[in-house]
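>>> Here is a sequence together with a model predicted from it:
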Amino acid sequence: MDSAVVELGPRLVGVLAALSVLAAVVGRVSGLGQDRPIVVAVLRATVQLAAVSAVLLLVVRSLLLSVAFVLLMVVVAAITAAGRVTGLPLRAPGAAPRVRVAAAPIVVGAGPVVALMLASGTVPLRGEAVIPIAGILIGGGMTATSLAGRRLREELELRRGEVEAALALGLLPRDAVLEVARPAAGTALVPPLDQTRTVGLVTLPGAFVGVLLGGGSPLDAGAAQLLVLVGLLATEAIAVWVVTELVARGRVLQDLPR
């Protein structure tokens, strides 16, 4: 049975080009000003996926190389999240500390989940299994960190007076910030919660489809997808918690009132 989801060839190239143009035109005509970012994102995705596909052919054969590749994913995720959380470009002074701080929620979120899956034998200790699972969870941790951090930055800037008032009433700096931060940070969990609640009814996510195309039964596909979704929820909940605590303790957004 042919397990290809799409047929490689000129038609695929044409469809991708048409979709890219459509997205860029909408980004321009709508007034959102996102035409250039869309084009850049598509070009980067094309180059990166081509390069990664070639590299993974070699990497997945070695567990050591697979671990190194996972660490690379963590670094890239931390760099991306650091920019979203602080609103500062990578070239701005103090980039290294910001990246290290942004790595904490991602590692603390994804690390225990990946470890549990591997230790239990649910996910086999092989490169072709470790890299996809770790990549999904690291990506989830990155997204949760970025969303929570950006939301916290905006909310605390908007409600700075409330934090200062809480401090004036005698609250400790951490507690004053958390009064505003916790409800705002919780909104970062809306996407994974909605995805988990509607799985199978609105969408059939990648893990489910992948197992089916690999020859697995619908039951196997459902079990794999449930493992991924619950793992993502755990990862993202931990990541949001950690980034909220980092903000409240002054490790991120150091210009908050103290």
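Thanks, I have the structure now.

>>> what helix or strand is residue 92 on?
Assigned by DSSP states H and E, residue 92 belongs to no helix or strand.

>>> gap between it and residue 82?
Distance of residue 92 to residue 82, given as CB to CB, to the nearest Å: 10 Å. Using the backbone N, CA and C atoms, a C-beta is placed for each residue, glycine as well.

>>> the more surrounded of those two?
Just comparing residue 92 and residue 82: by other CB atoms under 10 Å the higher neighbour count belongs to residue 82, 25 against 11.

>>> Could you pull up the residues touching that one?
Neighbour list for residue 82: 88, 90, 95, 98, 99, 101, 102 [criterion: CB atoms under 8 Å, 6 or more residues apart in numbering].

>>> Specify which member of those residues is nearest to residue 120.
Distances from residue 120 to the contacts of residue 82, taken as CB to CB, are shortest for residue 102 (28.8 Å).

>>> Model confidence for that closest one, exactly?
On pLDDT, residue 102 comes in at 90.

>>> Then residue 4?
Reading off the model, residue 4 has pLDDT 53.

>>> And for the one 3 residues further on?
Note on residue 7: pLDDT of 70.

>>> quick one: residue 188 and residue 116, what's the gap?
Distance, residue 188 to residue 116, using CB to CB: 22 Å.

>>> so where do the strands sit in the protein?
Taking DSSP state E, the chain contains no strands at all.

>>> Next, count neighbours for the spatially closest residue to residue 193 that is not a sequence neighbour.
Leaving aside its chain neighbours, residue 193 sits nearest to residue 233 (7.4 Å; criterion: CB to CB, 6 or more residues apart in numbering). Counted with other CB under 10 Å, the burial measure for residue 233 works out to 18 neighbours.

>>> Then the one 3 residues further on?
Residues within reach of residue 236, counting by other CB under 10 Å, total 28.

>>> Verify the stated contact: it with residue 139.
No. If you go by CB atoms under 8 Å, residue 236 and residue 139 don't touch, sitting 10.1 Å apart.

>>> sorry, back to before: which of the contacts of residue 82 tops the neighbour count?
Neighbour counts for the contacts of residue 82, by other CB under 10 Å, peak at residue 102, which reaches 27 neighbours.

>>> ok, that one touching residue 81?
Yes. Counting by CB under 8 Å, residue 102 does reach residue 81; the two are 4.2 Å apart.

>>> Pull up the overlap in contacts between those two.
145, 149.

>>> returning to what we had before: more neighbours, residue 188 and residue 116?
Neighbours per residue, other CB under 10 Å: of residue 188 and residue 116, the larger number sits with residue 188, 24 against 13.

>>> wait, what's in contact with that one?
By CB under 8 Å, 6+ apart, the contact set of residue 188 is 144, 147, 148, 151, 236, 240.

>>> redo that, cut-off 10 Å
Going by CB atoms under 10 Å, 6 or more residues apart in numbering, residue 188 touches 143-152, 236-237, 239-240, 243-244.

>>> May I see the buried residues of stretch 151-171?
For stretch 151-171, burial by neighbour count (16 or more other CB atoms under 10 Å) applies to 151, 152, 153, 155, 156, 163, 166, 167.

>>> Distance-wise, check the second one relative to residue 248.
The spacing between residue 152 and residue 248, counted by CB to CB, is 9 Å.

>>> Find residues that contact each of the two.
Common neighbours of residue 152 and residue 248 are listed as 177, 180, 181, 182, 185, 256 (criterion: CB under 10 Å, 6+ apart).

>>> Which pLDDT value goes with the second one?
Right, residue 180. Taking residue 180 on its own, its pLDDT is 83.
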